[in-house]
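Below are the sequence and a predicted model; questions follow.
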Amino acid sequence: MMFWILTILMTAAVALLLISALRRAGADAVPAAAFDMQVYREQLKEIDRDLARNVIDAEEAERLRIEVSRRILDADKKIQKETAQGHKGKRFDPVTAGVTVLIVFAITFATYAGSARILNWLGVSDARLITLKEQTDFSVSVFGRDYTLALIFDGVGAPGYGDLPHQARIQTAEMARDTRPSQAVAEQEFETRRTSAGRPPAVSRDQALLQQLRDILENRPDDLQGYVLLATTEARMQNFAAAHRAQARVIELLGDQVTAEDYADHAELMVLAAGGYVSPEAEAALDGALARDPNNGRARYYSGLMFSQIGRPDVAFRIWQQQLDEGPANAPWIAPIMRQIELVAMRAGAQFTLPDMLTGPTADDIAAAQDMDPEDRNAMIQGMVNGLADRLSTAGGPPEDWARLIQAYGVLGQTDRARAVWVDAQQAFQGLDDALEVIESAARRAGVAD
């Protein structure tokens, strides 16, 4: 609201300056006959000068004075008539001033309201975010007078949105944090989305063995190693909801021996089960990990993700930028951070750009390699694949690059690596159906998709 108040006040100030100029112009306006009157008086003086120089005689001078005097009387009558009518067309007109004010307001708000569309047309993504973080001085000159307007903003402007100062944004984020859905609700919603998208849960040949392990542990509730194995197996088969429940039991059985990694595992499994959403229960597990190891990489990454989701991109950006600076480059959280940090930085009003990355082998490269001798083909593809694999493991990349890597491993006959990349890609692009379709197509061609 404060933004609109400032905008209206500024626009009104400009409109008042314009009205003042119009009023001065109206006050200074004189009837056209007044100028004629001045000319006739100068003519009378000229007649007297001509008579003194003997240019004209007295009789001619008298005749000219009579003629000029008659014109002066006519001009005087016109002046009185125009004065009585109020200098129509010359005086200050309230209607004209009102129209001027309306035009100023209309142009001001139309320009602001259309700014986001213009920026989008120019290719600026999420153009409704316009952030000013420091004092900005605007110097303008109106009718010969200089004015300086000093504005200080610390917020995000968007047409049609109310004012949202820094403190209000923090309060809104905390409210979102306190009222966000629980883990159970998030899992149910995610499963509904998966079902509606036609993506049934993965079925493995090891399902019977997994069920046997579940049955055994029902009668052995204190078997720590059994629950560790159950959590690992459920996760490997992408039964993340069952996996995080098994991990919760692991934490209970460990008691005082529980580590930061145990809590990080628990939090990560809950996030995966909810389709990438960090629930209050997952946040509690993250707190447990960070309380035992403040430098735990996974816990810090998911904490940043949580802050991004509740409307605190500034906090998320600080956490993730520090993790990028600290490394190591092959840490598992670096790739997902690099996929998201530019958008988070933009939302936080920060300037941040990732360095350009080299691309991997294209489909044409792989197709050409298939026509070579096996030894030359493998050497060529292996060289390209190594560079792509290193980049995806450290910086991540678009789904097309993951698909290229899987297809390349398939050509090389390295199905185990192709399958591992396919598993990693499913986790990296969890909930992004369009991206997963691209990658799954390559995984099927490589023979590693179920």
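Noted; the coordinates are in hand. Predicted model, so just to flag it, every value in this text is computed and none were measured. Residues are numbered from 1 along each chain as shown.

Residue 221 looks like it's in a helix, true?
No. Under DSSP: H, G, I helix; E, B strand; the rest coil, residue 221 falls outside any helix and is assigned coil.

And it, how far from residue 269?
20 Å (C-beta to C-beta, to the nearest Å). No exception for glycine: its C-beta is placed from N, CA and C like everyone else's.

So between these two, which is more surrounded?
residue 269 (25 against 11; other C-beta atoms under 10 Å).

Would you mind giving the domain segments of the chain?
Under automatic domain parsing, the residue ranges defining each domain of the chain are 2-129, 363-445.

Could you tell me the least trusted of these?
For these, mean pLDDT drops lowest on domain 2-129, to a mean of 69.

helix, strand or coil for residue 49?
Under three-state DSSP, the three-state class of residue 49 is helix.

Now for it, how many residues are close by?
Neighbours of residue 49 using other C-beta under 10 Å come to 9.

Contact partners for it?
If a contact means C-beta atoms under 8 Å, 6 or more residues apart in numbering, then residue 49 has no contacts.

Now do the phi/psi pair for residue 180.
The phi and psi torsions at residue 180 (degrees, to the nearest 10) take the values phi -70, psi 160.

what number of residues lie near it?
Based on other C-beta under 10 Å, the number of other residues close to residue 180 is 17.

was I right about it contacting residue 281?
No. Contact between residue 180 and residue 281 fails when scored by C-beta atoms under 8 Å: they sit 10.7 Å apart.

Can you give me the buried ones in stretch 181-193?
Neighbour-count burial for stretch 181-193, counted by 16 or more other C-beta atoms under 10 Å, picks out 183, 186, 187, 190.

Could you look up the next helix or strand downstream of the helix or strand where the last one lies?
This means residue 190. Element membership for residue 190, per DSSP states H and E: helix 183-196. Next helix or strand after helix 183-196 toward the C-terminus (DSSP H and E): helix 207-218.

Could you pull out the buried residues of that following helix?
For helix 207-218, a neighbour-count test (16+ other C-beta under 10 Å) marks 210, 213, 217 as buried.

and what of stretch 293-303?
296, 297, 298, 299, 300, 301, 302, 303.

As a check, name the ranges of all helices in the stretch 151-300 of the chain.
For the stretch 151-300 of the chain, applying DSSP state H, counting those that start in this stretch gives helices covering 166-179, 183-196, 207-218, 224-236, 240-254, 260-273, 280-292, 297-310.

Using TSV, lay out the ones you listed together with distance to residue 10.
Putting the helices of the stretch 151-300 of the chain into TSV (distance: least, C-beta to C-beta, whole Å) gives the following:
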stretch	distance to residue 10
helix 166-179	22
helix 183-196	45
helix 207-218	67
helix 224-236	58
helix 240-254	53
helix 260-273	46
helix 280-292	43
helix 297-310	34
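
between those helices, which gets nearest to residue 448?
helix 224-236 (14.6 Å; C-beta to C-beta).

just how off-centre is that closest one within its chain?
Centroid separation between helix 224-236 and its chain, computed with C-alpha atoms, centre = their mean, to the nearest Å, is 41 Å.

cool, stretch 230-243 as well?
That offset, for stretch 230-243, works out to 36 Å (C-alpha atoms, centre = their mean).

swap in stretch 5-18?
29 Å.

And the strands in the stretch 1-150 of the chain, which stretches?
130-132, 135-142, 145-152 (DSSP state E, counting those that start in this stretch).

per-residue confidence averaged over the last one?
Read that as strand 145-152. For strand 145-152, the mean confidence score works out to 40.

Next: the shortest one.
Mean pLDDT, strand 130-132: 36.

again with stretch 295-308
94.

For it, output the C-alpha coordinates as CSV.
Output in CSV follows, covering the C-alpha atoms of stretch 295-308 (Å, rounded to 0.1, in the frame of the first residue of the first chain):
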residue,chain,number,x,y,z
ASN,A,295,28.5,-28.2,8.4
ASN,A,296,26.5,-31.2,7.2
GLY,A,297,26.1,-30.6,3.4
ARG,A,298,22.9,-32.4,2.8
ALA,A,299,21.1,-30.8,5.8
ARG,A,300,22.3,-27.3,4.8
TYR,A,301,21.1,-27.9,1.2
TYR,A,302,17.6,-29.0,2.3
SER,A,303,17.4,-26.2,4.8
GLY,A,304,18.0,-23.8,1.9
LEU,A,305,15.3,-25.5,-0.1
MET,A,306,12.9,-25.1,2.8
PHE,A,307,13.6,-21.4,3.0
SER,A,308,13.1,-21.0,-0.7
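
picking that back up, now the angle between helix 280-292 and the helix holding residue 190, please.
120 degrees (axes from the mean of the first three to the mean of the last three C-alpha atoms, to 10 degrees).

can you confirm residue 350 is in a helix?
No. Counting by three-state DSSP, one finds residue 350 to be coil, located in no helix.

so it makes contact with residue 318?
No. Counting by C-beta under 8 Å, residue 350 does not reach residue 318; the two are 9.1 Å apart.

and residue 96, how many residues sit next to it?
Neighbours of residue 96 (other C-beta under 10 Å): 12.

I'd like to know how far it sits from residue 231.
Residue 96 is 79 Å from residue 231, by C-beta to C-beta.

again with residue 68
Taken as C-beta to C-beta, the span from residue 68 to residue 231 is 114 Å.

okay, these two: which has more neighbours?
residue 231 (24 against 18).

I'd assumed residue 268 was in contact with that one.
No. Residue 231 is beyond contact range of residue 268, at 11.2 Å (criterion: C-beta under 8 Å).

coming back round to it: pick the one among the buried residues of stretch 293-303 closest to residue 107.
residue 303 (46.1 Å).

one step back: find the pair from the buried residues of stretch 293-303 with maximum spatial separation.
Pairwise distances across those (C-beta to C-beta) peak at 10.7 Å, for the pair 297 and 303.

Surely residue 449 is in a helix?
No. With three-state DSSP as the criterion, residue 449 is located in coil rather than a helix.

Quote the end-to-end distance of stretch 80-95.
One end of stretch 80-95 sits 25 Å from the other (C-alpha to C-alpha, to the nearest Å).
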